[in-house]
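A.B. asks: structure for this input, please:
(chains A and B)
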Number of protein chains: 2
Amino acid sequence: MKRTVIILSDHTGLTAEAMGHSLLSQFKDFEYDIVHWSFLDTEEKIHHAVAQINNIAAVSGQRPIIFSTLVDPEIRDYLKQSNSLILDYFESYTGALEEELQMSSTYIRGQTHGMANTHAYTNRIQAVNYALNNDDGAVTRNYPTADLILLGVSRSGKTPTCLYMAMHYGVLVANYPLTEDDLDKTDLPAVLQPHIDKLYGLTIQAEQLQRIRKERRANGRYATLEQCVWEIQQAEKLYQGHQIPFIDTTAMSIEEITTKILSAVDKNQR
Amino acid sequence: MKRTVIILSDHTGLTAEAMGHSLLSQFKDFEYDIVHWSFLDTEEKIHHAVAQINNIAAVSGQRPIIFSTLVDPEIRDYLKQSNSLILDYFESYTGALEEELQMSSTYIRGQTHGMANTHAYTNRIQAVNYALNNDDGAVTRNYPTADLILLGVSRSGKTPTCLYMAMHYGVLVANYPLTEDDLDKTDLPAVLQPHIDKLYGLTIQAEQLQRIRKERRANGRYATLEQCVWEIQQAEKLYQGHQIPFIDTTAMSIEEITTKILSAVDKNQR
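C.D. replies: Presented below is the predicted three-dimensional model:
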């Protein structure tokens, strides 16, 4: 019987989830069943949770491992009565931070992934809409307001990256697909030239590009290795010729691409 | 001079960022400048960071607060030589988990937000593409493969929620906008009827809906309060009449809407 891991929170549980995954990914051979218990924000709900935890421990003969973010110390105390290993983020660090800052924690729930900071939240949603409206080069008139314009050949990962950047950081990011026409030339497409400081290129290994393109449209030149190799070569030449920074997305997740690009851009103080 | 907070990681820093924001949001009166240092994965980079930290501490007269996720204990040891308060997630919990599991941590970086789990990652990207391709009711032929179909009137938050669900959980989620035509009837739109078990409704306060609609298109009936009130009333009647679960998104972030819906759906064991 596998061990049970519980992501437990008084709110969305997203921080607890990130923590749990980070730590568990360090234990390759550990097999477990994971459950998410969110919005446990009353005494009643936590009592019910404690009963469930004890039941799992009794039935499986192994105490569950709990990753939790419980703001309220009283609720945490109830949880501690259960037969489990509790790794609670607020439990571990609130004291140290209170001491360092000589301030008291507010102990208010739902500050992280709620709308506590309405302005920042509105920016993020507006950025998502911006990414959707300025996807794939169909509209270029909003480029003056973009923070960043991603370039790349078809299926190099522009759209999901734009959406992630927008959703998490409120970055206004458009994307422009490099067409065969663009790739035939050494000049930058005219519509991009006024915005050269905002450009960031994506590149990808030809074999992987071919694989992705085949899933979308198996036949025709679009998904041949030859075509993929040529497009990527031309795109990289274009980046290099115009000193546009670029990144190889082949083995990278959208989280990695995003944080790499944003930290590079930050360093250049754009 | 404000205190400096550093989000420091050997990889993307997303877990450290979630942790830092969670904890700092509990200290309302604490003013700080925040910087993100990602991909500090070599001795050289960490030495450079230590010098910068000490410099900030000397110049400002206040030691920086560091939220870090450093997998390698040696790298952590270097960091500890700096003049700072370090709250490192792996430092705090790896030992406890090793003891509990009677296993050793692998100490490999970039397991969380990389592509370590390629299958799950591919699912997430496919889900993003699914959300984009099945947005706003334009295409309904893929409904049989949807995990979930969100309903709501125009601008009730369907699209950003779908994208968030897809991006984070790999859920295949389509969305269907309830039109005036649909809202005039008590029957469910024919295209939705075979999928009644997958439906989840969104609702929103009329005043907020009006505010959002005005930003998009200020004139005409679309953004009048009367129209917003009517659409929402009809939508809620439709949900109630067909026992479709629904949620009021007025004061909720996409993170909250997503986790609420997914935990509700989970409980119903769909």
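A.B. asks: A:S84 against A:A49, yeah?
C.D. replies: No - with contact defined as C-beta atoms under 8 Å, A:S84 does not count as touching A:A49 (10.0 Å). The C-beta positions use only the backbone N, C-alpha and C, and glycine is treated the same way.
A.B. asks: same question for the residue lying closest to A:E17 once chain neighbours are set aside, what's its three-state structure.
C.D. replies: Leaving out its chain neighbours, the residue that sits closest to A:E17 by C-beta to C-beta, 6 or more residues apart in numbering or on different chains is A:I7, at 5.0 Å. Here A:I7 is recorded as strand under DSSP: H, G, I helix; E, B strand; the rest coil.
A.B. asks: and if you look at A:D187?
C.D. replies: Applying three-state DSSP: A:D187 is coil.
A.B. asks: show me how chain A divides into domains.
C.D. replies: Using automatic domain parsing, the domain ranges for chain A come out as A:3-101, A:118-267.
A.B. asks: so can I have CSV of those showing mean neighbour count?
C.D. replies: Converted to CSV, the domains of chain A look like this (neighbours: other C-beta atoms under 10 Å in any protein chain shown):
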stretch, mean neighbour count
domain A:3-101, 19
domain A:118-267, 18
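A.B. asks: for A:A127, give me its contacts.
C.D. replies: Listed by C-beta atoms under 8 Å, 6 or more residues apart in numbering or on different chains, the contact set of A:A127 reads A:M165, A:A166, A:M167, A:Y169, A:G170, A:V171, A:L172, A:V173.
A.B. asks: show me what contacts the residue nearest to it when sequence neighbours are not counted?
C.D. replies: Excluding the flanking residues, the one nearest A:A127 by C-beta to C-beta, 6+ apart is A:A166, at 3.6 Å. By C-beta under 8 Å, 6+ apart, the contact list for A:A166 reads A:R124, A:A127, A:V128, A:Y130, A:A131, A:L172, A:V173.
A.B. asks: now A:L87, what's its secondary structure?
C.D. replies: Assigned with three-state DSSP, A:L87 falls in the strand class.
A.B. asks: was I right to think A:S263 contacts B:V35?
C.D. replies: No - between A:S263 and B:V35 there is no contact under C-beta under 8 Å: 10.1 Å.
A.B. asks: hey, what's in contact with both of these two?
C.D. replies: Common contact partners of A:S263 and B:V35 (C-beta under 8 Å, 6+ apart): none.
A.B. asks: picking up where we left off before, checking my notes, the residue nearest to A:A127 in a strand, right?
C.D. replies: No - counting by three-state DSSP, A:A166 is not found in a strand; it is helix.
A.B. asks: check the gap between it and B:E98 for me.
C.D. replies: 39 Å (C-beta to C-beta, to the nearest Å).
A.B. asks: please apply the same query to A:I149.
C.D. replies: Distance from A:I149 to B:E98, by C-beta to C-beta: 46 Å.
A.B. asks: and for A:Y78?
C.D. replies: With C-beta to C-beta as the criterion, A:Y78 and B:E98 are 27 Å apart.
A.B. asks: just A:Q111 next, same as before
C.D. replies: Counting by C-beta to C-beta, the gap from A:Q111 to B:E98 is 31 Å.
A.B. asks: excluding chain neighbours, what is closest to the residue of the stretch 51-200 of chain A found nearest chain B?
C.D. replies: In the stretch 51-200 of chain A, the residue that lies nearest chain B is A:Q111 (3.5 Å; C-beta to the nearest C-beta). Once flanking residues are discounted, A:Q111 sits nearest to B:S25: 3.5 Å by C-beta to C-beta, 6+ apart.
A.B. asks: would the lowest-mean-pLDDT helix or strand in chain A count as contacting chain B?
C.D. replies: Every helix and strand of chain A was ranked by mean pLDDT, DSSP states H and E. The lowest is helix A:254-267, at a mean of 88. Yes - using C-beta under 8 Å from any C-beta of the partner chain, helix A:254-267 comes into contact with chain B via A:I254, A:E255, A:E256, A:T258, A:T259, A:K260, A:L262, A:S263, A:D266.
A.B. asks: nearest spatial neighbour of A:S92, skipping sequence neighbours?
C.D. replies: Using C-beta to C-beta, 6+ apart, the closest residue to A:S92 is B:S92 (5.4 Å).
A.B. asks: what of A:L97?
C.D. replies: Here the residue nearest A:L97, using C-beta to C-beta, 6+ apart, is B:L23, at 6.1 Å.
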